[in-house]
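**Q** This is a predicted model, with the sequence first.
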Amino acid sequence: MPELPEVESARAVIEAGALDREIADLDDSDTWVCRPHSPGEIRDALIGRRLTAALRRGKSMWCETSSDGPVLGIHLGMSGRIVVTDGSGSPVEGGDRVRGTAATSPGRDPAWDRFTVRFADGGELRLFDKRRLGRVRLDPDLSRLGPDAAEVGVADFRERVGRGTAPVKARLLDQSVLAGVGNLLADETLWQASLDPRRRVDTLDHDTLTALHGALKKATRAAIRRGGVHTGEVIEHRSPGGHCPRCGAPMQRATVGGRTTWFCSEEQG
DNA sequence: AACAATGTTCAGTC
DNA sequence: GGACTGAACATTGT
């Protein structure tokens, strides 16, 4: 489920529960998730240190470590979640507003823990990820990320999103343009702005881009506040037979920017 | 069985 | 080189 709002919640969980605890052991044996590191490389670099800060930009997050240690980069991929437990094994719910995490439910399979940091007090920080597209690495390269979608200013937004000829949705999904917008947040934002996802950005005027910026900010903040992108107004109507919750017209499906896209056949035409 | 899935990356084509 | 598209990646769920 991770788009910017979910990653922000995960970051908050780490910040609330995983900082300043001595790292006693670490499981980095999943060579796919931890590529290009070899097994033990991350462990050797972090044992004895502490995480000192949890930061985020777009869907990427990272932790600074004590004693000038390396940065620990974590990306949740398509299905990753962060679980932090205290010394007694109880999950830390520092993320507050986020509800119902499959990662902490009784039925979770430990085989889906792809990366685990064990603290000296017995608690853990785990990356739980069924689909295994999440990623952990030391000193990640974040240089190609655009500004965070929740922070970008309107002038910067217009300049970046309005450049080029791609469909507007593809532009919103490009992490080097803006960092943090995923498939659902893009659909929600474009629906809120009543914009056709297929519309080329070079046909958008100044005011339309300004309005789109406002819709993105609003949709992103609402998703963080309400606990995830799936709480967007149009999201539950993204299915065959779905109707626009505003005007009742049928929702239409297309592929834009390589992703399944749903939009109102009337208002976003 | 076939296909889609909330993400990123890389090869290939203008 | 830049911009853009589509397939591949690993795995699960429908």
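**A** Received it, and whenever you're ready, just let me know what you need. Treat the numbers as computed from the prediction; the structure is a model and nothing was measured.
**Q** how about the closest residue to A:Thr231 other than its chain neighbours, what does it touch?
**A** Spatially, and ignoring its direct neighbours in sequence, A:Thr231 is nearest to A:Ala223 (6.2 Å; Cβ to Cβ, 6 or more residues apart in numbering). Using the backbone N, CA and C atoms, a C-beta is placed for each residue, glycine as well. Counting by Cβ atoms under 8 Å, 6 or more residues apart in numbering, A:Ala223 touches A:3-5, A:185, A:188, A:229, A:231-232.
**Q** give me the element A:Ala223 is part of.
**A** In the assignment (DSSP states H and E), A:Ala223 maps to helix A:206-226.
**Q** ok now that helix, how far from the chain's centre?
**A** 16 Å (Cα atoms, centre = their mean, to the nearest Å).
**Q** A:Gln234 and A:Thr261, how far apart?
**A** Let me fix one detail, which is that residue A:234 is Val and not Gln. For A:Val234, the distance to A:Thr261 equals 11 Å [Cβ to Cβ, to the nearest Å].
**Q** Common neighbours of the two, please.
**A** By Cβ under 8 Å, 6+ apart, the residues touching both A:Val234 and A:Thr261 are A:Asp187.
**Q** on that earlier part again, tell me the helix or strand right after the helix holding A:Ala223.
**A** Per DSSP H and E, the helix or strand that comes after helix A:206-226 is strand A:251-256.
**Q** Contacts for the helix or strand containing A:Val13 next, please.
**A** Assessed by DSSP H and E, A:Val13 sits inside helix A:4-17. The contact list for helix A:4-17 (Cβ under 8 Å, 6+ apart) reads A:2, A:51, A:53-56, A:58-61, A:63, A:76, A:81-82, A:84, A:86, A:92-98, A:123, A:125, A:148-150, A:179-182, A:185, A:220, A:223-224, A:227-229.
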